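> model this:
(one chain, ligands or ions: 2)
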Amino acid sequence: MDADVDVALVRHHGRLVGSVTRRSALRSTIYAPALDASGRLRVAAAVGINGDVAAKARALADAGVDVLVVDTAHGHQEGMLAALRTVAGLGLGIPIAAGNVVTSDGVRDLVEAGASIIKVGVGPGAMCTTRMMTAVGRPQFSAVLETAEAARELGAHVWADGGVRYPRDVALALAAGASAVMIGSWFAGTIEAPGMLQTDAAGRLFKESWGMASTKAVQERFGRLDPYELARKELFAEGISSSKIYLDPNRPSVEDLLDMITSGVRSSFTYAGAASLAEFHERAVVGFQSAAGYEEGKALPVSW
Ligand SMILES: NC(=O)C1=CN([C@@H]2O[C@H](COP(=O)(O)OP(=O)(O)OC[C@H]3O[C@@H](n4cnc5c(N)ncnc54)[C@H](OP(=O)(O)O)[C@@H]3O)[C@@H](O)[C@H]2O)C=CC1
Ligand SMILES: Nc1nc2c(ncn2[C@@H]2O[C@H](COP(=O)(O)O)[C@@H](O)[C@H]2O)c(=O)[nH]1
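Ligands and ions are numbered 1, 2, ... in the order given. The predicted model follows:
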């Protein structure tokens with residue numbers, strides 16, 4: 001790339017297919033995209049537990065997804081186990097993830113029903129009102145620690161879902177035994193996230209975000225129902241309907257956040273003396289921290 005050029009457009013047969021910046025060229029020497037055997041980006045897609053689950057799962061498999069997720073707020077229930085058995089019985093030849101649960105019993109039942117990846121987290125999400133509305137859920141670190149151990153005994157894996165606000169949260173979930181970490185709201189405040197970029201009264205950029213069990217999401221998902229059924233579902237909404245997720249002026253892109261997370265997690269690995277995820281699970285020492293200890297660990301952007 002010419003040293004004076006900040007962005008180069010990439011065309012294929014006259015069509016714009018992408019762009020390369022100085023930073024993305026640098027990144028391409030550090031990160032490798034997650035590709036499947038045919039060189040396509042790996043994709044996971046979810047089905048719920050209602051309706052014709054088999055047809056939806058088959059359609060997603062035909063579309064080429066690499067992992068199928070059977071997803072509901074309360075994953076340790078009969079409806080989930082039935083849906084999971086149905087999907088597993090289709091023999092689609094792709095791994096099945098299921099959740100969400102927070103106990104080892106939940107892990108065992110979901111693995112027995114056909115999942116090899118268990119999605120863990122009830123109530124840690126930024127858009128989540130479950131804990132305050134219902135008192136149900138479990139602190140995410142304890143949930144991942146217990147479920148990851150149960151999953152390991154069964155040859156399964158755990159994805160830690162929700163509550164990631166800093167790179168440390170990713171490191172903690174991996175240290176607790178997760179093999180992957182899911183991030184929602186933090187990535188919602190980026191240029192690449194869906195939704196219009198908006199500006200608040202102070203001129204700060206943000207995107208609107210909302211929970212997938214919130215009144216807004218329920219209205220969108222079930223708008224076709226008769227008004228009585230819709231009203232019944234809205235009554236039990238469990239999430240924030242409208243939140244502003246601000247863009248970090250220094251890290252407005254999802255790639256900037258990935259740089260930051262990778263930097264933190266890589267450093268965690270070196271502190272633990274781990275060269276791989278397996279070694280990190282093995283070597284991480286779990287201890288307790290008081291609220292005062294946590295406060296002490298925060299950087300001060302201005303002096304005290
Ligand atoms: N990780 C978390 O803490 C949470 C995550 N979410 C996410 O929001 C999205 C929508 O979730 P969800 O509401 O499950 O989707 P759905 O509205 O599709 O609900 C799926 C099924 O689960 C039942 N269900 C939902 N919550 C409970 C519960 N607490 N106890 C018993 N049954 C329940 C529903 O019952 P009915 O038909 O009677 O409504 C429905 O049959 C998903 O992506 C989910 O992962 C939502 C809440 C919490
Ligand atoms: N209780 C609710 N949980 C929700 C809702 N929408 C999503 N979620 C869960 O949060 C994670 C993402 O967490 P984040 O902290 O990274 O934003 C997501 O995967 C779901 O499990 C909701 O409306 N209510």
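> residues near Thr147, how many?
31 (other C-beta atoms under 10 Å). Quick note: C-beta positions are derived from backbone N, CA and C, even for glycine.
> Can you point out the helix or strand that includes it?
helix 140-153 (DSSP states H and E).
> now that helix, how far from the chain's geometric center?
17 Å (C-alpha atoms, centre = their mean, to the nearest Å).
> again with stretch 192-209
21 Å.
> for the most centrally placed residue in the chain, what are its contacts?
For the chain, Met182 is the residue whose C-alpha lies nearest the centre (C-alpha atoms, centre = their mean; 2.0 Å). Residues in contact with Met182 (C-beta atoms under 8 Å, 6 or more residues apart in numbering) are Lys119, Gly121, Trp159, Ala160, Asp161, Gly162, Val164.
> returning to that earlier point: follow the chain on from the helix holding Thr147 and name the next helix or strand.
strand 157-161.
> List every C-alpha atom in that next one, with coordinates, as CSV.
Provided in CSV are the C-alpha atoms of strand 157-161 (Å, rounded to 0.1, in the frame of the first residue of the first chain):
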residue,chain,number,x,y,z
HIS,A,157,-17.6,-27.5,26.2
VAL,A,158,-19.0,-24.4,27.7
TRP,A,159,-19.6,-21.0,26.1
ALA,A,160,-19.8,-18.2,28.7
ASP,A,161,-22.7,-16.0,27.6
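> Which strands and helices lie in contact with that strand?
Judged by 3 or more C-beta pairs under 8 Å, 6 or more residues apart in numbering; DSSP states H and E, the packing partners of strand 157-161 are strand 96-101, strand 117-120, helix 140-153, strand 180-182.
> Sheet partners, orientation included, of the second one?
Next to strand 117-120 in the sheet, as set by DSSP bridges, lie strand 96-101 (parallel), strand 157-161 (parallel).
> wait, does that strand contact ligand 1?
No. Using C-beta under 6 Å from any ligand atom, strand 117-120 never reaches ligand 1; the gap is at least 7.7 Å.
> Spell out which parts of this protein neighbour ligand 1.
48-50, 71-74, 77, 79, 100, 121-123, 125, 128, 130, 161-162, 212-213, 233, 238.
> Filter those down to the buried ones, PyMOL style.
Filtering the residues of the chain next to ligand 1 down to the buried ones (16 or more other C-beta atoms under 10 Å) takes a single PyMOL command:
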select buried, resi 48+49+71+72+73+100+121+122+123+125+128+130+161+162+212+213+238
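> what are the bridge partners for the residue nearest to the centre of the chain, then?
Asp161.
> Please report the distance of it from Val144.
11 Å (C-beta to C-beta, to the nearest Å).
> next one: Val101
11 Å.
> State which one residue of the stretch 1-150 of the chain is found closest to ligand 1.
Taking C-beta to the nearest ligand atom, ligand 1 has its nearest neighbour within the stretch 1-150 of the chain at Ala73, 3.2 Å off.
> ok, for that residue, nearest residue in space, not its chain neighbours?
Closest residue to Ala73 apart from its sequence neighbours, by C-beta to C-beta, 6 or more residues apart in numbering: Ala213 at 5.8 Å.
> residues from the chain in reach of ligand 2?
Going by C-beta under 6 Å from any ligand atom, the residues of the chain near ligand 2 are 100, 121, 125-128, 130, 161-164, 182-186, 211-214, 238-239.
> Show me these that map onto strands.
Asn100, Asp161, Met182 (DSSP state E).
> okay if I get those residues as CSV plus pLDDT?
Output for these, formatted as CSV (pLDDT from 0 to 100):
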residue, pLDDT
Asn100, 97
Asp161, 98
Met182, 98
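> sorry, back to before: list residues touching both of Val101 and Val144?
By C-beta under 8 Å, 6+ apart, the residues touching both Val101 and Val144 are Val120.
> Where do the domain boundaries of this structure fall?
1-30, 35-184+254-283, 198-244 (automatic domain parsing).
> Give me whichever of the ones you listed is most buried.
With neighbours defined as mean count of other C-beta atoms under 10 Å, the domains of the chain peak in mean count at domain 35-184+254-283, which reaches a mean of 18.
> And the helices in the stretch 201-304 of the chain, which stretches?
Here the stretch 201-304 of the chain has its helices, by DSSP state H, counting those that start in this stretch, at 215-222, 227-235, 254-272, 277-283, 291-296.
> what mean pLDDT would you report for the third one?
Same thing as helix 254-272. Helix 254-272 shows a mean pLDDT of 96 in the predicted model.
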